[in-house]
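> Pasting a predicted model and its sequence here:
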Amino acid sequence: MGGTFDPIHNGHLVAASEVAQHFLLDEVYFVPTGTPYMKSGVSDAEHRYLMTVIATASNPRFKTSRVDIDRAGPTYTIDTLRDINTLAPNADLFFITGADAVTQILEWKDSSELFRYAHFVAVSRPGHEIDLEGLPPEHVSTLEIPALAISSTDCRARVRKGYQVWYLTPDGVQQYIAKNQLYRQSETNQ
Ligand SMILES: Nc1ncnc2c1ncn2[C@@H]1O[C@H](COP(=O)(O)OP(=O)(O)OP(=O)(O)O)[C@@H](O)[C@H]1O
Ligand SMILES: O=C(O)c1ccc[n+]([C@@H]2O[C@H](COP(=O)([O-])O)[C@@H](O)[C@H]2O)c1
């Protein structure tokens, strides 16, 4: 599952857990973006990576990958999939996205190549219709998951207003945000 994870929250974790159960996945790799070129004002990659490690630590099937963080330049999923394919050439790869992200895949770099490397799973997300128009049906599945109307944008906004984000994100992530004073300022690099 790729994401900016700024911060990772329970919506991401439920999505990954549901897809893993439904598709009988052995492992789910969370892959924080290095430089997400379609987003601005994103927090430092090491903060996002560490929060992802903390959030996934208690689940033996969940892992965090540095492939996108350690690659220079803008983060493209085609590179993510090629790197993971190199690391695990015999694995059947699935790429998990939310309903909002799946509608943008055709705008991603080398989008037609993506399906050579992975089967895509689009999970439901409150406020977003799953629209698979233009995507190859044999390479994309959808999955209805318990609705969690949580977004990283909303988590950041809550912290900026002085609220905490207990129960929207794992406790360790809430504590990491407080300890490192993330999201106190307006949307700029941290
Ligand atoms: N609540 C949720 N339910 C289902 N899928 C989600 C949810 N939140 C995020 N996702 C999916 O997880 C992936 C990574 O999301 P991302 O890290 O951009 O989080 P986000 O909450 O969408 O962030 P932001 O609000 O900053 O845009 C995307 O494919 C996104 O669609
Ligand atoms: O490959 C691309 O061109 C591309 C463009 C935008 C987003 N993505 C990927 O989509 C995933 C979700 O991204 P985001 O920014 O919504 O957190 C993440 O793995 C990104 O690398 C990929």
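Perfect, I can see it now. Ligands and ions are numbered 1, 2, ... in the order given.
> where's Thr77 relative to ligand 1, distance?
Distance check for Thr77 against ligand 1: by CB to the nearest ligand atom, to the nearest Å, it reads 10 Å. Where you see a C-beta, it was placed from the backbone N, CA and C, and this is true even at glycine.
> contacting residues for that residue?
Counting by CB atoms under 8 Å, 6 or more residues apart in numbering, Thr77 makes contact with 2, 95, 108-109, 114.
> top of those residues by neighbour count?
Neighbours here mean other CB atoms under 10 Å. Within the contacts of Thr77, the largest count is held by Phe95, at 26 neighbours.
> That residue - that's part of a strand, no?
Yes - assigned with DSSP: H, G, I helix; E, B strand; the rest coil, Phe95 falls within a strand.
> quick one: which two of the contacts of Thr77 are the most distant?
Phe95 and Lys109 (14.0 Å; CB to CB).
> Closest one to ligand 1 out of the contacts of Thr77, please.
Gly2 (6.6 Å; CB to the nearest ligand atom).
> part of a strand, is Asp6?
No - read with three-state DSSP, Asp6 is coil and lies in no strand.
> Relative to ligand 2, how far out is the closest residue to Arg160 other than its chain neighbours?
Spatial nearest neighbour of Arg160, excluding adjacent residues (CB to CB, 6 or more residues apart in numbering): Tyr183 at 5.6 Å. In this view, Tyr183 and ligand 2 are 16 Å apart by CB to the nearest ligand atom.
> Kindly report the same for Gln181.
Distance of Gln181 to ligand 2, given as CB to the nearest ligand atom: 23 Å.
> element containing that residue, please.
Applying DSSP states H and E as the criterion places Gln181 outside every helix and strand.
> Count residues in the vicinity of it, would you?
10.
> right, and Pro32 touches Val67 too?
No - under the criterion of CB atoms under 8 Å, Pro32 is not in contact with Val67, lying 9.6 Å apart.
> Helices of the protein, start to end?
For the chain, the helices defined by DSSP state H cover 10-22, 45-56, 67-70, 77-87, 99-102, 111-117, 152-160, 171-179.
> which of those helices sits most buried?
Mean neighbours per residue, mean count of other CB atoms under 10 Å, is largest over the helices of the chain for helix 45-56, with a mean of 21.
> Run through the neighbouring helices and strands of that helix.
helix 10-22, strand 28-32, strand 62-64, helix 67-70, helix 171-179 (3 or more CB pairs under 8 Å, 6 or more residues apart in numbering; DSSP states H and E).
> No further queries at this time; thank you.
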